[in-house]
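Student: turn this into a structure:
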Amino acid sequence: MTFYHPWLFWLALTLPAILALYILRPRRRQTVVPSTLLWRPAAFGMEASRPWQRLQSSLLLWLQLLAASLLVLAAAGPVWHGATASGSTIVLLDTSASMGAALGGGTRFDRAREEVLALAAGLRKDDTITVIAFDSQPGVVVRDSDDVEEVRRAVDKVKPGACEGDPGPALSLAGALAGQYDNPRVVLVSDGGLALPDDRADEDDAIPVDEFIPVGDGDASVAIAAINLRSAGSGQAAQVAVVNHGSRPASGLVSLMKGNYPAGSQKWHLDPGKTCYLLWADLPRDVTVQALLKTDSPGMDLLELDNQAWAVPEERMKRKILLVTNGNVFMERALTLLPGSEVYLADTARYEIMLRGDYPYDITVLDGVAGPLPPGAVLLLDPPAGSPVPGLSVGAADNLISLAPVTGSPLLAHVDLADINVREARVLRVGEGWRPDIKSGGQVLFAHAELDGRRLAVWSVNLHRSDLPLRPAFPVLLQNTMDWLLTPGLGVPKLVRPGQEVKIMPSPLSHRLVLEDAGGEAQELAPPFPPASWMPTGLGLYRLISYRAGGSTVREVAVNAYSALEADLRVLDPRDTAGAAGRDEQTGSPSGRALPLARWLALSVLLIIMVEWGVASRGR
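Tutor: Residues are numbered from 1 along each chain as shown. All right, here's what the predicted structure looks like:
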């Protein structure tokens, strides 16, 4: 047995204080007697007020001494150690969103901390403990420690986040660290709801979970599963989905905010496992909305993290496209029909003049033009022979052409090249950095590349000698190409989940990229370009601001916490492939785990105080 707080044994000074009270304080009883002959025995009680007299045994005295002794022992934090095999321990501590669910007066994660400290206190001589905290990504909290206080300080700094739990990377990290130990014990402290990776034994760094310590109680969970915006007349409408993951009925209220103003509230009532949809119509266009959920009783929802959600309206920013041509009606008409685009025309002479000043166009389409490349993204259409860009060589025209798609090309999604006739196209020779899209007899005709932070695409087909512009494939191919050259919304989806890695695709004309979080704090992501991937950890509305000459582009992003995996608060052993059956046998208190005794000692003191009250009330 060891103690968390051995220095608190000084509280044992209360024991002699209790004894002193019984020695120094007279304890008289009022007694009605028929004769003064009985006064003599009553006088002996008064002698107890004289110091250093012999202590008389009393049931109340022994009960009070026992209660004080147990309280002192409980304050010292005793831990009982069962029989365990010698060996170091690697603890995988779950910090996913569900660990923030309410449990008693705290959270599930508070209980998990206690379990980790109990494991640290149960170490034998020369054994150590390593703690790996994980949600979507793992991190070593403390390594090779045999000091309970060091583990306590390290674990107290860890907080549950808003991400889904993924034990796979944590198990890989544990496997990499396990090589320095002799037969280490791997312990998972979690509330379950995790998917252990399959076939871990076949991986070089795999390591199995030897023990699962469950934390958590109850499964009451109601969440905002989704919030969607759609156009409705001159405004927009919002639909909020509420789901009950618990095993009991729940009810409450959902309030909606349109920007900074309330848009009304609606009541809901859900049976277990059911979903309802609430609709708000006639909302202003282009306004971000927020939904807030409250239950009629706190016991209906143990996890509050997913009780709010945001939704961002469709982006209204248009990309500017410049078509440099001497008269290509097909391309001009097709570009004009692209959604979210503004198309401008220029001939070769005007184009060369425009390059000398501030160039405001996001995408430039050079139709048969061999001139210098502009800033930003470029589509080379039927380029003249030569080497317009590094790694690309344009050859002579070929008249024997049959189009064949290249598997996996992002430009050919939903594009059907069957029965398309091409009478003339130039053969492309592509080098490093270029990826072919369409070939003809092994020769490359369409290709794309990302060079020096900007994107380029080339179509070697002469559209005037092809029926491609008349086919349904043409607008789809053009839309795919424009979206790849300049991804709408900086390449960031309107809805992102915590822990999700987001690759940002700013315009090549951008010279600065700034991220503003939900609290308004700004973080500069670039330069240098390209910016590193962004992985949000907090909830709320974020703003990505891309600065360029003459203005800026703002992209609002909603980061919502809902995850069906985390919202399901049932505590299941992730090692049990059969589900909940047999879980109690696997997750019972293992013999190798230290058992804190403070709670049991406190309960014992409560029982003793009740007995003492009964004895005192009877005058004994």
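Student: beta partners for residue 232?
Tutor: On the basis of DSSP bridges, residue 232 is bridged to residue 235.
Student: right, and it touches residue 284 too?
Tutor: No: between residue 232 and residue 284 there is no contact under CB atoms under 8 Å: 10.9 Å. C-beta here means a position set from N, CA and C on the backbone, and glycine is covered the same way.
Student: what is the least confident helix or strand in this structure?
Tutor: The weakest-scoring helix or strand in the chain, judged by mean pLDDT, DSSP states H and E, is helix 583-586 (a mean of 38).
Student: buried set for stretch 488-501?
Tutor: 488, 489, 490, 492, 494, 495, 496, 497, 498, 499, 500 (16 or more other CB atoms under 10 Å).
Student: so who does the nearest residue to residue 405 once chain neighbours are set aside touch?
Tutor: Using CB to CB, 6 or more residues apart in numbering and skipping the chain neighbours, the partner closest in space to residue 405 is residue 412 (5.0 Å). By CB atoms under 8 Å, 6 or more residues apart in numbering, the contact set of residue 412 is 405, 406, 437, 438, 477, 480.
Student: helix or strand: which one has the third one?
Tutor: Yep, that's residue 437 we're talking about. Using DSSP states H and E, the element containing residue 437 is strand 434-440.
Student: need the residues that contact stretch 607-620.
Tutor: 29, 59, 60, 63, 64, 66, 67, 70.
Student: so what's the fifth one up against?
Tutor: Applying CB under 8 Å, 6+ apart, one finds that residue 64 lies in contact with 18, 612.
Student: where exactly do the helices run in the stretch 351-500 of the chain?
Tutor: With DSSP state H, counting those that start in this stretch as the criterion, the stretch 351-500 of the chain has helices at 473-485.
Student: show me where the stretch 1-150 of the chain has helices.
Tutor: Counting by DSSP H, counting those that start in this stretch, the helices of the stretch 1-150 of the chain are 14-24, 39-43, 59-75, 108-121, 148-156.
Student: SS state for the residue lying closest to residue 100 once chain neighbours are set aside?
Tutor: Nearest residue to residue 100, sequence neighbours excluded (CB to CB, 6+ apart): residue 160, at 4.3 Å. Counting by DSSP: H, G, I helix; E, B strand; the rest coil, the backbone at residue 160 sits in coil.
Student: ok, residue 416 - contacts?
Tutor: Contacts here follow CB under 8 Å, 6+ apart; on that basis residue 416 touches 472, 473.
Student: what of residue 290?
Tutor: Contact analysis of residue 290 by CB under 8 Å, 6+ apart lists 256, 257, 308, 309, 310, 311.
Student: can you do 10 Å?
Tutor: By CB atoms under 10 Å, 6 or more residues apart in numbering, the contact list for residue 290 reads 224, 227, 238, 255-260, 263, 308-311, 540-541, 558.
Student: check which helix or strand it maps to.
Tutor: Counting by DSSP H and E, the element that carries residue 290 is strand 289-295.
Student: mind giving me the packing neighbours of whichever helix or strand comes after that strand?
Tutor: Of the helices and strands lying after strand 289-295 in sequence (DSSP H and E), the nearest is strand 308-311. Under the contact definition 3 or more CB pairs under 10 Å, 6 or more residues apart in numbering; DSSP states H and E, strand 308-311 sits against strand 222-232, strand 235-244, strand 250-258, strand 289-295, strand 495-496, strand 540-548, strand 551-559.
Student: circling back to that earlier point, from what I see, the residue nearest to residue 100 and residue 135 are in contact.
Tutor: Yes: judged on CB atoms under 10 Å, residue 160 makes contact with residue 135 at a distance of 7.8 Å.
Student: need the overlap of contacts for the two.
Tutor: Between them, residue 160 and residue 135 share the contacting residues 94, 95, 96, 97, 99, judged by CB under 10 Å, 6+ apart.
Student: now neighbour count and pLDDT too, for the residues you listed, in CSV please.
Tutor: Output for those, formatted as CSV (neighbours: other CB atoms under 10 Å; pLDDT from 0 to 100):
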residue, neighbour count, pLDDT
94, 25, 93
95, 22, 93
96, 27, 93
97, 26, 93
99, 28, 93
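Student: and which of these is nearest to residue 178?
Tutor: Closest approach to residue 178 among those (CB to CB): residue 94, at 19.0 Å.
Student: coming back round to it: please identify which of the contacts of residue 412 is nearest to residue 387.
Tutor: residue 437 (19.4 Å).
Student: in the chain, which residue is closest to the centre?
Tutor: With the centre of the chain defined as its mean C-alpha position, the nearest residue by CA atoms, centre = their mean is residue 163, 1.6 Å away.
Student: contacts only, for that residue.
Tutor: The contact partners of residue 163, by CB under 10 Å, 6+ apart, come to 95-97, 134-137, 497-500, 535-537, 561, 563, 566.
Student: before we move on, back to that, could you dump the helices and strands packed on strand 308-311 to JSON lines with distance to residue 607 and mean pLDDT?
Tutor: Listed next are those as JSON lines, based on distance: least, CB to CB, whole Å; pLDDT from 0 to 100:
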{"stretch": "strand 222-232", "distance to residue 607": "39", "mean pLDDT": "92"}
{"stretch": "strand 235-244", "distance to residue 607": "40", "mean pLDDT": "94"}
{"stretch": "strand 250-258", "distance to residue 607": "37", "mean pLDDT": "95"}
{"stretch": "strand 289-295", "distance to residue 607": "36", "mean pLDDT": "96"}
{"stretch": "strand 495-496", "distance to residue 607": "54", "mean pLDDT": "87"}
{"stretch": "strand 540-548", "distance to residue 607": "49", "mean pLDDT": "89"}
{"stretch": "strand 551-559", "distance to residue 607": "50", "mean pLDDT": "87"}
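Student: what are the buried residues along stretch 146-154?
Tutor: Across stretch 146-154, burial judged by 16+ other CB under 10 Å covers 148, 151, 152, 154.
Student: show me what contacts the third one?
Tutor: When you say that, I think you mean residue 152. Contact analysis of residue 152 by CB under 10 Å, 6+ apart lists 4, 113, 116, 117, 120, 121, 142.
Student: let's see that with 7 Å instead.
Tutor: residue 117 (CB atoms under 7 Å, 6 or more residues apart in numbering).
Student: ok, residue 570 touching residue 221?
Tutor: No: counting by CB atoms under 7 Å, residue 570 does not reach residue 221; the two are 9.2 Å apart.
Student: neighbour count for the two, which is higher?
Tutor: residue 221 (24 against 18; other CB atoms under 10 Å).
Student: now the lengthiest helix in the chain: buried residues?
Tutor: Assignment by DSSP state H gives helix 598-617 as the longest helix of the chain. The neighbour-count check on helix 598-617 (16+ other CB under 10 Å) flags 598, 601, 604, 605, 608, 612 as buried.
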